[in-house]
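Undergrad: can't give you the sequence, but here's the structure:
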């Protein structure tokens, strides 16, 4: 009963509301941060069939969420509770396409619901992994492929972790990548800075602060 009630009560957006309520006063977006790792998934034909993601939530957000979860006798967080938490988060994120846009050429590609999800604690931070499969594989040798992961209202900043393995590709694969950092115009940066923590940015505003991963395949 505790687990069901806790997960229902603390699904993804509710986390963020509580996060802002207990954090120090701020007057600008974003209010939470995610370090991202991504891995494009390929089939035997060299077609892209999806995108594996790892989200590592910031320390403050992680600390608040983890204190709501039960622990086992060994002092570790109960994995069942963490798994249910990930399940509820991802169910809620489905409406927002998991904050992910994958493009073939200029056209956004349709994807299915996430698979192979899991959640765990890495150090003091909450982590969530999942695969996002495409409905139809795409050949990156024929169609340029790029992807973005971002919160449409920029409540959360999502950027690739500053690690060498933040983006990984098959070692024997035909592709390389380039990471294009966000480059919002001055007026967009000012608009974000002037948003109060209770304000909601226009849907789609977050794309101005999104990284673009562009794949080149031969």
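TA: Here it is on my side, so go on. These numbers come from a predicted model, not from an experiment. Numbering: from 1, shown residues only.
Undergrad: what does stretch 178-196 rub up against?
TA: Identification of contacts with stretch 178-196 by C-beta atoms under 8 Å, 6 or more residues apart in numbering yields 27-30, 154, 159-160, 167, 201, 205, 208-214, 216. C-beta here means a position set from N, CA and C on the backbone, and glycine is covered the same way.
Undergrad: Strands of the chain, start to end?
TA: Applying DSSP state E to the chain gives strands spanning 32-42, 48-57, 100-104, 107-108, 115-122, 125-138, 145-149, 156-160, 175-180, 212-217.
Undergrad: any chance of those in CSV, with mean neighbour count and distance to residue 88 too?
TA: Below are these laid out as CSV (neighbours: other C-beta atoms under 10 Å; distance: least, C-beta to C-beta, whole Å):
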stretch, mean neighbour count, distance to residue 88
strand 32-42, 19, 17
strand 48-57, 21, 14
strand 100-104, 19, 18
strand 107-108, 12, 26
strand 115-122, 14, 10
strand 125-138, 18, 11
strand 145-149, 22, 20
strand 156-160, 20, 17
strand 175-180, 14, 31
strand 212-217, 18, 28
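Undergrad: Would you mind naming the residues that bridge with the residue nearest the centre of the chain?
TA: The centroid of the chain falls nearest to residue 55 when counting by C-alpha atoms, centre = their mean (5.2 Å). Beta-bridge partners for residue 55, by DSSP bridges, are residue 36, residue 128.
Undergrad: do residue 107 as well
TA: Counting by DSSP bridges, the residues bridging with residue 107 are residue 104.
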